[in-house]
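Chemist: sharing a model prediction with you, sequence too.
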Amino acid sequence: MYKGIKSVCIYGGGDRKEQVSVCTRGVEIIIATPGRLYDLISAKIVNVTSVTMLVLDEADRMLDMGFEPQIMKILLDIRPDRQTVMTSATWPEGVRRLATKYLTDPVQLYVGSLDLRAAKTVTQKLEMVRDEEEKSERLMRFISEEMTDADKLIVFVGRKSTADNLSCDLAMKGIQCQAIHGDREQCDREEALEDFKEGLVKILIATDVASRGIDVRDITCVMNYDFPRNIEEYVHRVGRTGRAGRTGTSLTFMVREDWKHAKELIEILKQGEQVVPQSLVDMADRYDAAMRKRAEEGGGRGRGGFRRGGRGGGGGSSGFGGFGGFGGNRRRDGDGNGGFFF
């Protein structure tokens with residue numbers, strides 16, 4: 001409670017019984033993820049008809065997670081003369097549609113550039129690798145030869161199983177670390193993050209559940225063990241370091257199957273005044289040539305193509321705010337952030 005204002009945080013990984021108990025006693029502010037909030041509204045435990053202010057935080061991420069139906073139904077239950085604020089790091093079609101339908105004559109506020117770009121406080125490095133084995137070996141060399149006692153490293157992977165396997169491999173070598181992903185219990189995720197923040201462990205293995213909304217100020221290095229599913233997620237991952245006036249480093253591994261991202265990555269590196277490796281330029285040229293050849297031959301199996309192995313496959317006074325660039329994301333892991341504030 002702050003200055004006599006009662007609030008509650010409700011989310012899917014928390015104790016539903018305790019959340020219900022707090023809500024039924026009455027609160028002024030609810031901070032919620034859309035799935036659990038919709039659950040409690042449907043059960044008539046939470047009544048949102050009297051809500052006067054609504055904040056949709058990380059709107060793009062919530063849509064990316066597939067919560068659009070729940071969001072739409074929740075918004076219909078709230079009084080139309082509410083004040084609405086929507087924040088989004090990117091500006092995909094789904095967020096535009098949501099803003100157009102549920103915001104009345106919104107004021108648009110932009111923080112920073114509208115272009116998608118990584119902070120210039122981060123030195124971005126790339127390394128081409130052949131396979132998973134080479135990735136693992138390079139990670140071990142980085143930890144043993146390049147990390148110092150003052151460093152904190154977050155390693156982003158594309159799959160929950162990879163996070164678990166890497167953390168087990170490190171533990172077997174006597175290297176303390178924590179792992180965080182959507183299949184871990186909420187209490188385990190909170191403990192892992194707290195250990196990392198407090199410096200009890202210096203290495204955090206994470207899926208994209210940690211790429212947004214988590215602020216650990218003293219992260220010195222981000223490693224993209226697996227290349228993210230799109231360039232927007234790359235920018236979010238890299239943005240975990242070099243924050244609040246500090247500098248940081250990112251190291252990204254790329255395999256042949258990542259070639260479709262090369263052209264967009266070159267633009268991000270140029271905008272950040274980073275060195276563009278010739279190997280990345282060559283990769284982008286090869287991909288463009290392959291796509292031209294495919295178009296000339298009259299089609300194929302899809303945009304990625306030529307893969308061998310790899311990982312597979314309103315009302316009132318309304319406001320809208322955004323930060324960074326614009327684009328869309330697709331769900332891979334079932335991990336993510338985003339929520340409602342009332």
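Modeler: Good, I have the coordinates.
Chemist: need the contact list for residue 218.
Modeler: 152, 246 (Cβ atoms under 8 Å, 6 or more residues apart in numbering). For glycine as for every other residue, the C-beta is placed from the backbone atoms N, C-alpha and C.
Chemist: ok, the one 3 residues further on next?
Modeler: Residue 221 makes contacts with 147, 151-154, 241, 248-251, as judged by Cβ under 8 Å, 6+ apart.
Chemist: please tell me I have it right and residue 19 contacts residue 33.
Modeler: No. Contact between residue 19 and residue 33 fails when scored by Cβ atoms under 8 Å: they sit 11.2 Å apart.
Chemist: could you name every residue contacting both of the two?
Modeler: The contact sets of residue 19 and residue 33 overlap at residue 10 (Cβ under 8 Å, 6+ apart).
Chemist: so residue 294 sits in a helix?
Modeler: Yes. Assignment of residue 294 by DSSP: H, G, I helix; E, B strand; the rest coil places it within a helix.
Chemist: that one: neighbouring residues, count only.
Modeler: Using other Cβ atoms under 10 Å, residue 294 is surrounded by 16 other residues.
Chemist: with pLDDT, distance to residue 229 and secondary structure added, can I get the contacts of residue 221 in TSV?
Modeler: Converted to TSV, the contacts of residue 221 look like this (pLDDT from 0 to 100; distance: Cβ to Cβ, whole Å; DSSP: H, G, I helix; E, B strand; the rest coil):
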residue	pLDDT	distance to residue 229	secondary structure
147	96	27	coil
151	96	27	coil
152	96	25	coil
153	97	22	strand
154	96	17	strand
241	92	20	coil
248	95	22	strand
249	96	22	strand
250	97	17	strand
251	97	19	strand
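Chemist: is there a quick ChimeraX command that grabs whichever of those are buried?
Modeler: To isolate the buried members of the contacts of residue 221 in ChimeraX, using 16 or more other Cβ atoms under 10 Å:
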select :147,151,152,153,154,241,248,249,250,251
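Chemist: list phi and psi for the residue in the chain sticking out farthest from the centre.
Modeler: Distance from the centre of the chain peaks at residue 297, with 37.3 Å (Cα atoms, centre = their mean). For residue 297, the backbone dihedrals (degrees, to the nearest 10) come out as phi -80, psi 0.
Chemist: how close does it sit to residue 229?
Modeler: According to Cβ to Cβ, to the nearest Å, residue 297 and residue 229 sit 27 Å apart.
Chemist: cool, thanks, signing off.
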